[in-house]
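Enquirer: fold the following.
(one chain, ligands or ions: 1)
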Amino acid sequence: MAFPINRRQTRQIRVGHVPIGGNAPIAVQSMTNTDTRDVVATTAQIHRLEESGCEVIRVAVPDQAAAESIAAIKQGIRIPLIADIHFDYRLAIAAARSGADGLRINPGNIGSREKIKAVVDIAKETGIPIRIGVNAGSLEKDIFARHGAATAEALVESALRHIDLMSELGFDQLKLAIKSTDVRQTVSAYRQLSEKTDFPMHIGITEAGGLYAGIVKSAMGIGMLLAEGIGDTLRVSLTRDPMEEVRVGYEILKALGIRRRGPEIISCPTCGRCQFDLFALAEAAEKALMTRTTPIKIAIMGCPVNGPGEAKAADIGIAGGRESGVLFKQGKVIRKIPQAELLDALLKEVDEFDD
Ligand code: SF4
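Expert: Reported below is the predicted structural model:
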């Protein structure tokens, strides 16, 4: 039997129409990598991300023009938008006035209490939450000096300091992130912080890397935290098209049985019994099924003798052969199909399942 996941009870906030924390589904986020000032390109990328299941999008706001672009971008998108602000509190004010649904700041690099208060004031006025994003790369100097390095404890101290400041300013619409590039350090920091506060957590491994390293580090770090019930929203950070981030985010949630979106594809690694190019078939199926949203378990197996039995857990499956393969459901062979028609037959069955 699978081990239970006892989700940590956090308070709930809202980013636009998306609830974060409490019993809300763990939301999948991403960040655009277009120039935010380019409204057409940024809106187009957000549309593609919406289609792949992204539920909250963050955009970089490096200058005033980017902050002002948010108004036009918001006109063309459906999901809530978070403005990512570093250093200049005036950009946070401009982004909020442009209609951002949330602000992401690292108070450590925003500056004086007055500047942070100005950000909090605009968040209160516009009714939007703030994500406090503590990052190992930008820790306050005094905390860094006391700990001698950006340790998990140092990250937690920084986060708690910012929470206290927000509380002094009378603001509690907060979401916390406390990321580093090191998996064990990130996990340790989130664990410690979770013991000390019930604000919702945004989890991820920062700058996790390219496809292989990024997926492995994210799956390890995010996966460990989710398995312990920590995390209310997540972002997989990859040096890739952000669509891949969303895809990996859902795969992590699916792998832990937390959320299901779209097909879960089971496929065998092949062995000497496989008589056709299973890799190409599995890749073509993955591509064709990428935008489907109905949760369904699909198996794509390398031989009709062992495949159906090995993939009994699948709702629908195909197992190929040299000339022909089979279509099966819950391990039972339904019919024989010419090899060249296997993929079409599978897609047709998935369409019927969707209905
Ligand atoms: Fe080998 Fe067939 Fe099992 Fe695939 S399904 S690993 S081809 S025995």
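
Enquirer: residue numbers of the stretch 151-300 of the chain in contact with the ligand?
Expert: Cys268, Pro269, Thr270, Cys271, Arg273, Cys274 (Cβ under 6 Å from any ligand atom). C-beta: built from backbone N, CA, C; applies to glycine.

Enquirer: host element of the closest residue to Ser158 other than its chain neighbours?
Expert: Nearest residue to Ser158, sequence neighbours excluded (Cβ to Cβ, 6 or more residues apart in numbering): Val134, at 4.8 Å. Using DSSP states H and E, Val134 sits in strand 130-135.

Enquirer: what about that strand, average pLDDT?
Expert: Throughout strand 130-135, pLDDT has a mean value of 92.

Enquirer: give the pairing partners of that strand; include direction for each.
Expert: Its sheet considered, strand 130-135 pairs with strand 102-105 (parallel), strand 174-179 (parallel) by DSSP bridges.

Enquirer: neighbours around the residue in the chain positioned nearest to the ligand, how many?
Expert: The minimum distance from the chain to the ligand, using Cβ to the nearest ligand atom, falls at Gly302 (2.8 Å). Using other Cβ atoms under 10 Å, Gly302 has 27 other residues around it.

Enquirer: isn't it right up against Gly320?
Expert: Yes: using Cβ atoms under 8 Å, Gly302 is in contact with Gly320, at 6.8 Å.

Enquirer: anything in contact with each of these two?
Expert: By Cβ atoms under 8 Å, 6 or more residues apart in numbering, Gly302 and Gly320 have these common neighbours: Cys274, Phe276, Leu278.

Enquirer: dump these into JSON lines; add pLDDT and distance to Met31 as well.
Expert: Formatted as JSON lines, these follow (pLDDT from 0 to 100; distance: Cβ to Cβ, whole Å):
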{"residue": "Cys274", "pLDDT": "95", "distance to Met31": "40"}
{"residue": "Phe276", "pLDDT": "95", "distance to Met31": "40"}
{"residue": "Leu278", "pLDDT": "96", "distance to Met31": "35"}
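
Enquirer: what subset of those is buried?
Expert: Cys274, Phe276, Leu278 (16 or more other Cβ atoms under 10 Å).

Enquirer: how about the second one, secondary structure?
Expert: Read that as Phe276. Assigned with DSSP: H, G, I helix; E, B strand; the rest coil, Phe276 falls in the coil class.

Enquirer: list the contacts of the one helix or strand in the chain whose mean pLDDT sits lowest.
Expert: None of the helices or strands of the chain scores lower by mean pLDDT, DSSP states H and E than helix 107-110, at a mean of 82. With contact meaning Cβ under 8 Å, 6+ apart, helix 107-110 is reached by 85-89, 92, 116, 119, 132, 134, 138-140, 158, 162, 165.

Enquirer: quick check: buried residues in that helix?
Expert: Residues Pro107, Gly108, Ile110 are the ones in helix 107-110 that count as buried (16+ other Cβ under 10 Å).

Enquirer: tell me the one of those residues nearest Leu169?
Expert: For these, the minimum distance to Leu169 (Cβ to Cβ) is 10.4 Å, reached by Pro107.

Enquirer: what ranges in the protein fall below the confidence cut-off?
Expert: The model of the chain has pLDDT under 70 over residues 354-355.

Enquirer: how is it partitioned into domains?
Expert: Here the domain parsing of the chain from automatic domain parsing is 13-255, 263-354.

Enquirer: what about the first one, start to end distance?
Expert: Just to be clear, that refers to domain 13-255. Using Cα to Cα, to the nearest Å, the end-to-end distance of domain 13-255 comes out at 26 Å.

Enquirer: so how far is it off the chain centroid?
Expert: How far domain 13-255 lies from its chain's middle: 11 Å, per Cα atoms, centre = their mean, to the nearest Å.

Enquirer: can you check stretch 296-303 too?
Expert: Using Cα atoms, centre = their mean, the offset of stretch 296-303 from its chain centre is 26 Å.

Enquirer: may I see the buried residues of the helix or strand encompassing Ala94?
Expert: In the assignment (DSSP H and E), Ala94 maps to helix 89-97. Using 16+ other Cβ under 10 Å as the test for burial, helix 89-97 gives Tyr89, Leu91, Ala92, Ile93, Ala94, Ala95, Ala96.

Enquirer: give me the neighbour count for the nearest residue to the fourth one once chain neighbours are set aside.
Expert: So that's Ile93. With sequence-adjacent residues excluded and distances taken as Cβ to Cβ, 6+ apart, Ile93 is closest to Ile122, at 4.7 Å. For Ile122, the tally of surrounding residues (other Cβ under 10 Å) stands at 21.

Enquirer: wait, Ile122 sits on Leu91?
Expert: No: Ile122 lies out of contact with Leu91 (Cβ under 8 Å); the separation is 10.9 Å.
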